[in-house]
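> Model the following, please.
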Amino acid sequence: MSVSQLALTWAVTFAAIFAFRTLPLLLLRGRSLSPRVGEALGLIPAAAFAGLVANDLLDPSTIARDPLGAASGLVAAAIVAIVARRTKSLVLCAAVGMLAYALLGLLA
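All right, here's what the predicted structure looks like:
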């Protein structure tokens, strides 16, 4: 990749980040959002986290290569689901999920 291509890629990336992350903050500053919009925005971190985890848990190549390892991931996810239902804490779910996955990995 040449320097000009790298500079163009950097500039386009910077413009996209600015447009999609900074402009909404600047345009909506001082305005109150409806409760429904606020509630929807509050779900974004959990949805992003769930998408990342689901992508790793349900990877067909991982399931075919190491079924026991894939099963331990699904068991850890079930434990996290129970913790999530009871506590509704994203941070606690992440901590419990990592701990459960590590312990199940040691047992497998």
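> Residue 46 and residue 89 touch, don't they?
No: counting by C-beta atoms under 8 Å, residue 89 is not a contact partner of residue 46; they are 10.5 Å apart. Yep, even glycine has a C-beta here, placed from its N, CA and C like the rest.
> per-residue confidence for residue 52?
On the pLDDT scale, residue 52 is placed at 86.
> which secondary structure element contains it?
helix 44-57 (DSSP states H and E).
> ditto for residue 97
Assigned by DSSP H and E, residue 97 belongs to helix 90-107.
> Who are the packing partners of that helix?
helix 44-57, helix 67-87 (3 or more C-beta pairs under 8 Å, 6 or more residues apart in numbering; DSSP states H and E).
> which one of those helices has the lowest average pLDDT?
Ranked by mean pLDDT, these end with helix 44-57 in last place, scoring a mean of 85.
> In that one, which of the residues would be classed as buried?
Under the neighbour-count criterion of 16 or more other C-beta atoms under 10 Å, helix 44-57 has 50, 53 buried.
> so it versus helix 67-87, what angle?
Counting by axes from the mean of the first three to the mean of the last three C-alpha atoms, to 10 degrees, helix 44-57 points 160 degrees away from the direction of helix 67-87.
> between helix 44-57 and helix 90-107, how many degrees?
Inter-element angle recorded for helix 44-57 and helix 90-107: 10 degrees (by the same axes, to 10 degrees).
> which strands and helices sit next to helix 44-57?
On a contact count with 3+ C-beta pairs under 8 Å, 6+ apart, helix 44-57 meets helix 67-87, helix 90-107.
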